[in-house]
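In: Could you work out the structure for the sequence below:
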Amino acid sequence: MTYYKCKYAGNPRNEGRFGNVKEGDILMLTKEEYDCVAENDDFEFIEEYQESLPNSVSTNSEKQEQPAPAPEEVEHDEDDDDYSMTYADMKKSELVSEIEDRNEGRDEEDKISATGLKSDLIDRLEEDDDLSIS
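Out: Below is the predicted model:
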């Protein structure tokens, strides 16, 4: 689903589509919501997201969202066991691929489900890691 990150730059309002919004609030809008405010100068478009978000609208006037730090460049050998990418660093498609690799040769009842949100896949892989350690 597509979401639009916008910053509210208008006067404080207690009514309307988004309720209590103040200048500087960050709003995550669905396409339908964005279309309603796109021509309104009170809303400054920041960027577009192509992913699922837990809430379609969120405000945050107490602290502004900080940009995510750039990932550190890490050189590693393919055979180096000390290097490990965390599941959170992986794309959803990479997580699905990891699950499919692990499912090869497993009985049907022991296979890991490869459907759902990225966070669900991460939880299942971590649970599988814990089971293989014990």
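In: Where does pLDDT dip in the chain?
Out: The chain contains residues with pLDDT under 70 at 13-19, 51-85, 134.
In: Domains in it, by residue range?
Out: Domain segmentation of the chain under automatic domain parsing yields 2-50, 87-133.
In: Single out the most deeply packed of those domains.
Out: domain 2-50 (a mean of 15; mean count of other Cβ atoms under 10 Å). All C-beta spots, glycine's among them, are computed from the backbone N, C-alpha and C.
In: how long is that one end to end?
Out: Start-to-end span of domain 2-50 (Cα to Cα, to the nearest Å) is 5 Å.
In: and what of stretch 26-46?
Out: For stretch 26-46, the first-to-last residue distance is 9 Å (Cα to Cα).
In: and if you look at stretch 36-49?
Out: One end of stretch 36-49 to the other measures 18 Å (Cα to Cα).
In: same question, stretch 102-110
Out: End to end - Cα to Cα - stretch 102-110 spans 10 Å.
In: Could you number the chain from 25 rather than 1 from now on?
Out: Taking 25 as the first residue, the last one we looked at is stretch 126-134.
In: what's that stretch in contact with?
Out: Residues outside stretch 126-134 that contact it (Cβ atoms under 8 Å, 6 or more residues apart in numbering) are 135-136, 138, 149, 152.
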